[in-house]
Structures are given as structure tokens and as C-alpha cells.
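1. Make a model of this:
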Amino acid sequence: MNLIPLPAFSDNYIWLLHDGHNAIVVDPGDAQPVLNALQQHGLQLDAILVTHHHADHVGGVNTLREATGARVWGPARERIPEPLHRLEQGDKVVELGFEFNVMDVPGHTSGHIAYFCQSMEGSPLLFCGDTLFSGGCGRLFEGTPSQMLTSLDSLAALPGNTRVCCTHEYTLSNLKFARAVEPGNVELTLYSAWCEKQRANGQPTLPSSITKELLINPFLRTRQSTVVAQAVARQANGQDEVAVFAAIRQWKNEF
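-> Residues are numbered from 1 along each chain as shown. Modelled structure (predicted):
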């Protein structure tokens, strides 16, 4: 099974998963990179997985559906181009012979979902849209800090070797903030150097892993004393987990 991040716009990735014959794509904001890849690799597009309704994730859906006849799967409670198989927590999607479990992960948007495949060859696979980024998390456009913290907790509980396939190359800017939160985090320093080398060589920093994010991502580390101290310094109640998360997220918004 082949996993390819297709660059789109200035910093998006459209994830393409294929077996040499058939393919699925995740969050195709632009149809053209997908059509180019299908032609290049001689693939038939079977399905489109959508995590949330933002235009840079759904803009290419109609064109791809019309060009290929692909099935479209997406969140039950968001406005996604029809026809659409609507999904929520506990549902399952079977494509390319693999079962993807659907997780509700509101916060960035109110109906955001993620797709987790435990049985993928090599290691489990997570398509998490704009909920979890490497070194960061999505802005809270529609959800609350409590919702986002719960969503991130559910992703953090996945197996450590899970490949985290988020949809933006925000890693370097996220890590700049993460170093401001935890300047003494050695794992973060080492990871930042690796990511900078990747980008200098024109390579993606993704996918990441759950294990890596637990070590370096301040939004998965809001219960760590170093991160709590930063929130308290910004007038948050250090005994309130949601308040700590909200303070760190607001700091990032202004960073």
C-alpha cells in the first residue's frame, strides 16, 4: 500500500492511498493534483474521504466525483457537496480492503471527523484533517476548548506508532511556538532540526506519529508541569485542564 502527500495550494496536503490499481484520497481541496496523480500512476479513484467542510478540503470533490465516479464519505453534521455517505462516531468505512473507524473530533469545526485504520500495513493510519497537526492543533473556529481537548485526548490515546496524516505543512511554524512553550524540551529541539532539514530538502515533515506528538506537541502536553506553568503565567487556573488548554491555544493565536 502506497501513501502519498499531494501538495495543494500553498501548504495543504491531499493524502492519496493506493495499491497500484485503486485509490482513495482524503480532503481534496483541489481536484487537479489528484487527477494528475491518478494519471501518472494509472489509478482508479474509488473513494473520497472528507474530514470537515472548509473549502480547502472539499473544493475538488464535485470535479473528482464527476470525473471518476468515486464514492464520497464525510461528516454527518457538516455541509459537504452531495451525494455523500454521512458518518459519525462509531461508523466504519471499508475501502481498498481496509476498515477505517470514524471518530468525532469537534473543535476546529463543530462536526469534524477523523478516520483511523488499525490494520493498515506497516503501522496504523490516522487521517485527522485540521484537528491535530505536527507540533500543533487547529484553530477553534466553531468548537470550544473543552471539545478540542477531548478530541485531542481521543487521538492521543491511539497506538503510539499510528501515522498522523494531517492536511497542512504547518510544522515549522508550530515548532517555533512549541519551543517558546517548552524551551528545555530536548526531544522538541531534535525534532525541530530534523524538520528544518526535511523542508530545506523540499521534503514533507509528515506523516508524524502519536508517540512523537506526545513528546513535542504542546497541545498534547497541557497536563505537563512545564506547559501548565506557562498557562498560569498567562492568568489561567492551573488546576483547570480546559483553562490551561485554552490559555495555550490563545497564546498560539497571538504568537
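
2. For stretch 215-223, buried residues please.
-> Leu215, Ile216, Asn217, Pro218, Phe219, Leu220, Arg221, Thr222 (16 or more other CB atoms under 10 Å). The way it works is simple: take the backbone N, C-alpha and C, and place the C-beta from them, glycine included.

3. For it, which outside residues touch it?
-> 132, 134-137, 149, 152, 156, 174-175, 177-178, 181-182, 185, 187-188, 191, 213-214, 227-228, 231, 241, 244-245, 248-249 (CB atoms under 8 Å, 6 or more residues apart in numbering).

4. Can you flag the buried ones in these?
-> The neighbour count (16+ other CB under 10 Å) marks 132, 134-137, 149, 152, 156, 174-175, 177-178, 181-182, 185, 188, 191, 213, 227-228, 231, 241, 244-245, 248-249 as buried among the contacts of stretch 215-223.

5. Mind checking which of those are in strands?
-> Those of the buried ones among the contacts of stretch 215-223 mapping onto strands are Leu132, Gly136, Cys137, per DSSP state E.

6. okay, now Ala193: neighbour count?
-> For Ala193, the neighbour count with other CB atoms under 10 Å is 11.

7. Hmm, His85 is touching Ala70, no?
-> No. With contact defined as CB atoms under 8 Å, His85 does not count as touching Ala70 (11.3 Å).

8. Please say which of the two ends up with more neighbours.
-> Ala70 (21 against 13).

9. Distance check, that one against Asp46.
-> 6 Å (CB to CB, to the nearest Å).

10. With Val58 instead?
-> On the measure of CB to CB, Val58 and Asp46 end up 18 Å apart.

11. Those two: who's more crowded?
-> Val58 (23 against 18).

12. Mind pulling up the pLDDT for that one?
-> Val58 carries a pLDDT value of 98.

13. Quick check: it touching Glu82?
-> No. Using CB under 8 Å, Val58 is not in contact with Glu82, being 11.3 Å away.

14. List of residues touching the helix or strand containing Phe116?
-> Secondary structure assignment for Phe116, by DSSP states H and E: strand 113-117. Identification of contacts with strand 113-117 by CB under 8 Å, 6+ apart yields 26, 49, 51-52, 74-76, 87-89, 93, 98-105, 124-129, 131, 155, 158, 162.

15. Stretch 3-17 now?
-> 1-2, 18, 23-30, 33-34, 37, 56, 60, 96, 125, 127, 163, 165-170, 204, 206-207.

16. avg pLDDT for the strand holding Phe116?
-> 98.

17. Output the contacting helices and strands for the helix or strand following that strand.
-> Per DSSP H and E, the first helix or strand lying C-terminal to strand 113-117 is strand 125-129. Under the contact criterion of 3 or more CB pairs under 8 Å, 6 or more residues apart in numbering; DSSP states H and E, strand 125-129 touches strand 113-117, strand 163-166.

18. Include mean neighbour count when you put these into CSV, please.
-> Listed next are the helices and strands packed on strand 125-129 as CSV, based on neighbours: other CB atoms under 10 Å:
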stretch, mean neighbour count
strand 113-117, 25
strand 163-166, 24
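
19. need the contact list for Ile248.
-> Val181, Pro218, Phe219, Thr222, Val227, Gln230, Ala231.
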